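> Build me a structure from this.
(chains A, B and C)
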Amino acid sequence: MDSLELSKIEALKNIILEWFYKNRENYSFRNNRTPYRVWISETILQQTRMSAALEKMENFFLHFPDLNSLAAAREEEVLFAFKGLGYYNRARNLLKGAKYVVSKYKDIPSEYNQLIEIPSIGPYTASAIASICFGKLTPVIDGNIKRIFARIFQIEIEIKNSLFLSQLNLILLKMFNFNILNPGDLNEALMEFGQKICKVKNPQCLTCFVQKYCLAYKNSSVNKLPFITRPENKIIVNWKLYFFINNRKVLLNQFNDFYLLKNHIGFPSIIEMNDEKFFSTHGDIYNNFLSNYKLHNFVNGDKHTITNHQIRFSYCIYDLKNIEINGEDLFWCPFENVENFLVSSGLNKTWSSVYDQIFARGGT
DNA sequence: AAGTCGGGGAA
DNA sequence: TTCCCAGACTT
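Residues are numbered from 1 along each chain as shown, chains lettered A, B, ... in the order given. A predicted model of the protein is given here:
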C-alpha cells in the first residue's frame, strides 16, 4: 500500500514538473532571483491576487532595490510603497526583517531555521526562499498546495485542523524526499498547477493531466474539497469622515490607536459599529466637532471592505478658515500632496471624489 | 487555537 | 451580492 502511494506521489511529481517546464508563466519576479527579491515578491503575493501583486511588485523594487535600501528606510516610506496592497503589517514587518538581517547576518541566510526567525518570514516564505534560492528540500504550503492535495488524496478534513496539516506534510515529505534537482521548481510547479488547472472555481478536470491520479475526480467530490469553514458575516461599520478645508489644504490625521488602519494617515474620523464608537483624534477637533458628530450632516460616500468589516463611508466638508488647530496628530496638507500620505484604497477613493467636488465648486 | 489584518477580480 | 486568494503575527 505504502509503495503504491510512493509511486503515485513520484508520478505526480514528475507529471506536474513536466507540465510546469513546458507551460510556466514568465512572471517578472522570476527574473534575477536573489533571496531579497524572492522574499519581497513572496510577501507581496501573500493573500494577494497575482495580477494585483505583479503591478505593485516592480514599484516596490524601484523604491527599495536591495536589502540595504530597505533596511535604511523609514516606516512611512515602506508603507507607501505598499499602497493599495492591504495587510499593511506585511510592510512594517518587512522593514523589521530587513533591519534584523542587516544587523545579524549582513545578508539573508540560507537555512530554514534561520529564515523563519526573521520578522515577516513565516513557514511559507522561509520554505520558498530556502528552496528557490538555496536548493533546500523545503516544501511550501499555501492555499494552492492545500487545495490540490486535499483533492488528489481526498483529504476530508477541515484545512485549519492540525490533522489536515499533518497528513499534508506526510505527502509532501514523500514527494520532496526523492532525488529532486530543483525543489524550488517543484514548489512553484505545484502552486502554478493549483492556480491554473486545479482552480478554486471551475477546475479544469476534464482536460487535467492529473485526472487519473485524483481521488476527488474519481469520486465526483472535487467541488467539495478542500473543506473550508466560512468566516462569519462581515461586521457593518459606519465610518464618518471630516474634510476640513482651508486655502487649498486639507486637515490630515495621523491615526494612532484607531479601530481600523492603525498608524495610517487619514482624515479626522468617527467609526460607529453597533453601540460602539471610535474617534481618530481627541484634541480640539474632537471637542468642537467629533464629540457632537450627530449634529452634523454627513453625505453617503463609497463602500469599502477591510478584512471582515463592511465599511460605509460618509463624510462632510467644512471650511476651517481662521480656526486654530491643536493636536500633534493633526496637520494641514496641500491638496496636491494628499495622495502621498494615503495608503489605504478606501481613503484614497473617498478623497478622490471629495476633491472632485471641491474642484467642481471652485476650490476653497 | 482563535482572532486580526485589505483589497479587488471573478462568478 | 458573495467568495477567497503564493500567510504571519498577536493574544
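
> what about the longest helix belonging to chain A, near DNA strand C?
Using DSSP state H, we find that the single longest helix of chain A is helix A:2-23. No - legend: contact between helix A:2-23 and DNA strand C by Cβ under 7 Å from any atom of the strand is lacking; minimum distance shown is 10.4 Å. (C-beta placed from N, C-alpha, C; glycine too.)

> Which residues does that helix contact?
Helix A:2-23 is touched from outside by A:152, A:171, A:174-175, A:178, A:180, A:185-186, A:188-190, A:192-193, A:196, A:209-210, A:213, with contacts defined as Cβ atoms under 8 Å, 6 or more residues apart in numbering.

> Need the nearest residue in space to the residue in the stretch 1-150 of chain A that DNA strand B sits nearest to, chain neighbours excluded.
The shortest separation between the stretch 1-150 of chain A and DNA strand B is 2.6 Å, found at residue A:86 (distances taken as Cβ to the nearest atom of the strand). In space, not counting the residues next to it along the chain, residue A:86 is nearest to residue A:48; the distance is 7.2 Å by Cβ to Cβ, 6 or more residues apart in numbering.

> isn't that neighbour right next to residue A:85, touching?
Yes - at 6.3 Å, residue A:48 counts as touching residue A:85 under the criterion of Cβ atoms under 8 Å.

> of those two, who's got more company?
Neighbours were tallied for residue A:48 and for residue A:85 using other Cβ atoms under 10 Å; the higher tally belongs to residue A:85 (24 against 17).

> Might one say that that one is in contact with residue A:54?
No - with contacts defined as Cβ under 8 Å, residue A:85 does not count as touching residue A:54, sitting 11.7 Å away.

> tell me the contacts of residue A:186?
For residue A:186, the contacting residues are A:13, A:16-17, A:131, A:139, A:175-176, A:180, taking Cβ under 8 Å, 6+ apart as the criterion.

> Rebuild these as CSV, extending it with neighbour count, distance to DNA strand B and pLDDT.
Putting these into CSV (neighbours: other Cβ atoms under 10 Å; distance: Cβ to the nearest atom of the strand, whole Å; pLDDT from 0 to 100) gives the following:
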residue, neighbour count, distance to DNA strand B, pLDDT
A:13, 18, 28, 95
A:16, 23, 22, 97
A:17, 19, 26, 96
A:131, 25, 24, 97
A:139, 21, 20, 97
A:175, 21, 24, 95
A:176, 19, 23, 94
A:180, 16, 29, 83
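
> got a markdown table for those, with distance to residue A:90 too?
Listed next are the contacts of residue A:186 as a markdown table, based on distance: Cβ to Cβ, whole Å:
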| residue | distance to residue A:90 |
| --- | --- |
| A:13 | 31 |
| A:16 | 29 |
| A:17 | 30 |
| A:131 | 21 |
| A:139 | 22 |
| A:175 | 29 |
| A:176 | 27 |
| A:180 | 30 |
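
> Up against DNA strand C, what does the stretch 1-150 of chain A have?
Neighbours of DNA strand C within the stretch 1-150 of chain A, by Cβ under 7 Å from any atom of the strand: A:25, A:27, A:41-43, A:45-50, A:87, A:89-90, A:93, A:97, A:119-126, A:142-144, A:147.
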